[in-house]
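Engineer: Next input, structure requested:
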Amino acid sequence: MFVADRIVRMKTVLARTGLSRSTIYRKIADGTFPSQVRISVNGAGWRESDIDCWIADPVAWRPKREVQ
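Structural biologist: Numbers count the residues shown, from 1 in each chain. Reported below is the predicted structural model:
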């Protein structure tokens with residue numbers, strides 16, 4: 001059965017990771033943290049499963065390659 005992945009916002013990501021906002025954006029730019037998903041014109045969040053994977057092993061985390 002398919003379970004939909006929740007989208008979590010910045011406040012939740014900050015609380016769960018213990019990182020600062022600037023560190024999160026720096027890690028996204030470096031490719032060592034999951035990128036945000038656009039959910040509206042002015043809103044974005046992260047897939048909860050991506051954050052869970054990063055929390056489980058932050059050193060080895062790498063973005064998934066998208067198949068075209």
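Engineer: what's in contact with the helix or strand harbouring Trp54?
Structural biologist: Trp54 belongs to helix 48-56 when assigned by DSSP states H and E. Outside helix 48-56, the residues that touch it by CB atoms under 8 Å, 6 or more residues apart in numbering are 5-8, 13, 16-17, 33-34, 61. Any C-beta I mention is one placed from the backbone N, CA and C, and that applies to glycine too.
Engineer: Which of the residues you listed fall within helices?
Structural biologist: Of the contacts of helix 48-56, the ones assigned to helices by DSSP state H are 13, 16-17.
Engineer: Most neighbours among the residues you listed, which one?
Structural biologist: When neighbours are counted by other CB atoms under 10 Å, Val13 leads these with 22 neighbours.
Engineer: coming back round to it: what residues sit buried inside the helix holding Trp54?
Structural biologist: 48, 50-51, 53-54 (16 or more other CB atoms under 10 Å).
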